[in-house]
Every structure is written in structure tokens, then in C-alpha cells.
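> sequence isn't available, so here's the structure alone:
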């Protein structure tokens with residue numbers, strides 16, 4: 001049986017959008033996605049994606065070294081990342097409108 005997982009397909013854009021206004025560490029990004037109904041993703045999915053986004057210069061990362069507690073990498077959207085989010089959100093909305101138009105015609 002065929003299965004399409006839109007959340008997995010849109011995960012890179014969702015991760016970028018989730019840090020668009022406020023930088024966050026990986027676990028916090030996972031929480032934001034989950035709390036907003038995007039789905040549950042394991043660290044083994046999110047952290048390699050964050051590394052690829054950093055290599056593509058869509059996010060920047062800095063180490064947060066608190067006085068107590070674990071050291072964490074905090075991700076922030078770069079200017080290129082902001083441009084990609086805006087572009088991809090427009091593309092997603094356009095495609096969704098096309099799909100809705102097709103389904104309304106049936």
C-alpha cells in the first residue's frame with residue numbers, strides 16, 4: 001500500500017520556520033514541532049537535518065555553555081534561511097491551492 005508522509009517531506013522547511021523568530025537547540029525544535037501538531041521526530045532525524053542545514057548555510061549554530069547543565073548547540077536562521085522559508089512557504093501554499101482545486105472539481 002502506498003503511503004505519503006507530508007510531515008517528513010516538509011520537515012526541513014518546518015525546522016527552518018520553527019527557529020525563524022527565536023533561536024533554539026535541537027530538543028527545543030523537536031518540542032516546537034510536536035507542540036504545534038507537526039509530529040514527533042527523533043533526534044536521529046532532526047540532528048542530521050540540522051547539520052545539513054548548517055552546511056548549506058541556512059542556519060548558524062553557536063554553543064550555549066551554561067554555568068550548570070549540559071552544553072547545547074543553538075541554531076538560528078541565517079538570511080539565506082529566511083529567504084528559503086519565505087520562498088518555500090509560498091510554494092507550499094501554491095501547491096496546496098492546486099491540490100484543493102483538483103479535489104473540488106471531483
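Yes, it's here. Please read all numbers here as calculations on a predicted model, not as lab measurements.

> CA atoms for contacts and neighbours, from now on please.
Will do.

> who are the contact partners of the residue most central in space within the chain?
Geometric centre of the chain, nearest residue: residue 15, 1.2 Å, by C-alpha atoms, centre = their mean. Residues near residue 15 by C-alpha atoms under 8 Å, 6 or more residues apart in numbering: 29, 33.

> what separation do you get for the nearest residue to residue 71 once chain neighbours are set aside and residue 46?
Closest residue to residue 71 in three dimensions, ignoring its sequence neighbours and counting by C-alpha to C-alpha, 6 or more residues apart in numbering: residue 65, at 4.8 Å. As for residue 65, its distance to residue 46 is 21 Å (criterion: C-alpha to C-alpha, to the nearest Å).

> next: residue 55.
Residue 55 is 14 Å from residue 46, by C-alpha to C-alpha.

> circling back to that earlier point, the residue nearest to the centre of the chain: which element?
helix 11-18 (DSSP states H and E).

> mind checking the pLDDT average for whichever helix or strand comes after that helix?
Note on helix 11-18: by DSSP H and E, the next helix or strand toward the C-terminus is strand 24-25. For strand 24-25, mean pLDDT rounds to 96.

> which other residues reach strand 24-25?
72-76.

> out of the residues you listed, flag the one nearest to residue 88.
Among the contacts of strand 24-25, residue 76 lies closest to residue 88 (C-alpha to C-alpha), at 17.8 Å.
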